[in-house]
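>>> Coordinates for the following, if possible.
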Amino acid sequence: MNRRSTIRLVALAAAAGIAVASLTACSAGGDDDGGGDGDVTLTWWHNATSGPMPAVWEEVAAEFEEAHPGVTVEQTGYQNEELQRTLIPNALAAGDPPDLFQVWPGGELRGQVANDYLMPLDEAIPDTVSSVGATVNPWQVDGTTYGIPFTFGIEGFWYNTELFEQAGIDETPTTLDELVDAVGALREAGITPIAVGAGDKWPAAHWWYQFALHSCSPEVLQAAESDLDFTDDCWVEAGEQLEEFLGVEPFQEGFLGTPAQTGAGSSAGLMANGQAAMELMGHWNSGQIGGLTADGEVPAFLGWFPFPGIEGAAGDPTASLGGGDGFACSAEAPPECAELLAYIMSEDVQARFAASGSGIPTVSAAVASLEDPNLKTVAEGLADSSFVQIWLDTAYGTTVGNAMNEGIVNLFGGAGTPADIVKKMQDAAATL
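Numbers count the residues shown, from 1 in each chain. Presented below is the predicted three-dimensional model:
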């Protein structure tokens, strides 16, 4: 196992011997109630806006209220990008954050901790912290835990097995050249090869992330994360690889304005309704696609395979790009916030999350509740990965991440070059 940094995690779903949080809401993972006198209202922001998860979180809030008389939980779902990039940063800066909210690891978390925005959790809910094993590492700063991941997985291609068969593609691509060949075969069969929601920008950025992951060595990736060092030639090579791939016209018409996950016309919607053969997306996409089908079910034609390696490149072909969603409590939140987080991370709730098809749970005992065969395949892909690099914009922090994403989107639109992406990253890093 390659453990060059704490965020390179393997076999999380197969980890054994990990303690799990108590099923009882009042126990808060085995800790004291910690509740105060009088009524308490907890505000909870998350990114569940479609599919099965809004109903699951609503049930969890109601159950917690029933087990904690006097506590009201006001939970609200927001679109992921809006939540991460706008709502939470603005609320924190204004001194009026929700009590419980989603946090992303890496540079963003480090910045929130530096500003004393988050509640330390190790003493408040120690059993919950230990229940997720090594997956908690990216949510720690200097050994202190400030967030708990409720899901963690890797990115890959969600594909339509029936459309692959129509195009005469017998096996999923294992190299970039084979992926290019598959795009050509699908085009010849009159099928849109790949859907991308470039209108939301981040799905376009993830394409460059994958090329960087497979063009740069693990040592270079490690240096970039710790030192924001982007001087290696592989960073420009990643953009050149992407530019060449864009030249084979892999995406749907109008991809620059297509949203990623909202509505039938989104990239996930195109997959759900059989209008595209592939989509590069995270582990959560199975549930997202299922929520956009006519019957609300994950289509039987859906399959998954990892992003292929690039022959001759310095990158590890078995490396994966991934990440997870975690929750944190505001530094000013009442103690009931930590109790709610502990309940969210209980084996019972994690099992329901797994059964919903919305992602891979981080509590190992709940992994057996995965019903979606594709999520089981993703979990296997995670276990087979030599290491997992978290999303690059998350790893590098908001300043560098935003500059990087802007440069990538410019390249997608024909208004930038591979070298421009790296220069934007270097210029942004110089301001820190």
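>>> Check which helices and strands the longest strand anywhere in the chain sits against.
Ranked by residue count, the top strand of the chain under DSSP state E comes out as strand 320-329. In terms of contacts (3 or more CB pairs under 8 Å, 6 or more residues apart in numbering; DSSP states H and E), strand 320-329 is packed against strand 100-103, strand 148-154, helix 202-215, helix 336-344, helix 373-384, strand 388-390. Glycine gets a C-beta too; all of them are placed from N, C-alpha and C.
>>> Now with 7 Å, please.
Counting contacts by 3 or more CB pairs under 7 Å, 6 or more residues apart in numbering; DSSP states H and E, strand 320-329 packs against strand 100-103, strand 148-154, helix 202-215, helix 336-344, strand 388-390.
>>> what's the following helix or strand after the third one?
In the C-terminal direction, the helix or strand that comes right after helix 202-215 (DSSP states H and E) is helix 218-227.
>>> Show me which positions of that next one end up buried.
Pro218, Val220, Leu221, Gln222, Ala223, Ala224, Glu225 (16 or more other CB atoms under 10 Å).
>>> and after the helix or strand of the chain with the lowest mean pLDDT, which helix or strand comes next?
Lowest mean confidence among the helices and strands of the chain (mean pLDDT, DSSP states H and E): helix 80-82, at a mean of 85. The helix or strand immediately downstream of helix 80-82 is helix 88-93, counting by DSSP H and E.
>>> How about residues contacting that following helix?
Trp45, Pro97, Pro98, Phe101, Gln112, Tyr117 (CB atoms under 7 Å, 6 or more residues apart in numbering).
>>> Surely the second one is in contact with Ala331?
No - assessed by CB atoms under 7 Å, Pro97 is found out of contact with Ala331, at 8.7 Å.
>>> where are the low-confidence patches of this protein?
1-38 (pLDDT under 70).
>>> how about the strands in it?
40-46, 71-77, 100-103, 140-141, 144-145, 148-154, 156-160, 194-195, 278-281, 302-306, 320-329, 388-390.
>>> Format those strands as JSON lines; extra columns: mean neighbour count.
Below are the strands of the chain laid out as JSON lines (neighbours: other CB atoms under 10 Å):
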{"stretch": "strand 40-46", "mean neighbour count": "20"}
{"stretch": "strand 71-77", "mean neighbour count": "17"}
{"stretch": "strand 100-103", "mean neighbour count": "24"}
{"stretch": "strand 140-141", "mean neighbour count": "18"}
{"stretch": "strand 144-145", "mean neighbour count": "19"}
{"stretch": "strand 148-154", "mean neighbour count": "26"}
{"stretch": "strand 156-160", "mean neighbour count": "25"}
{"stretch": "strand 194-195", "mean neighbour count": "26"}
{"stretch": "strand 278-281", "mean neighbour count": "26"}
{"stretch": "strand 302-306", "mean neighbour count": "21"}
{"stretch": "strand 320-329", "mean neighbour count": "26"}
{"stretch": "strand 388-390", "mean neighbour count": "25"}
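>>> Same list (those) but as TSV, adding distance to Gln241.
Converted to TSV, those look like this (distance: least, CB to CB, whole Å):
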stretch	distance to Gln241
strand 40-46	35
strand 71-77	36
strand 100-103	32
strand 140-141	33
strand 144-145	37
strand 148-154	20
strand 156-160	16
strand 194-195	15
strand 278-281	14
strand 302-306	17
strand 320-329	15
strand 388-390	17
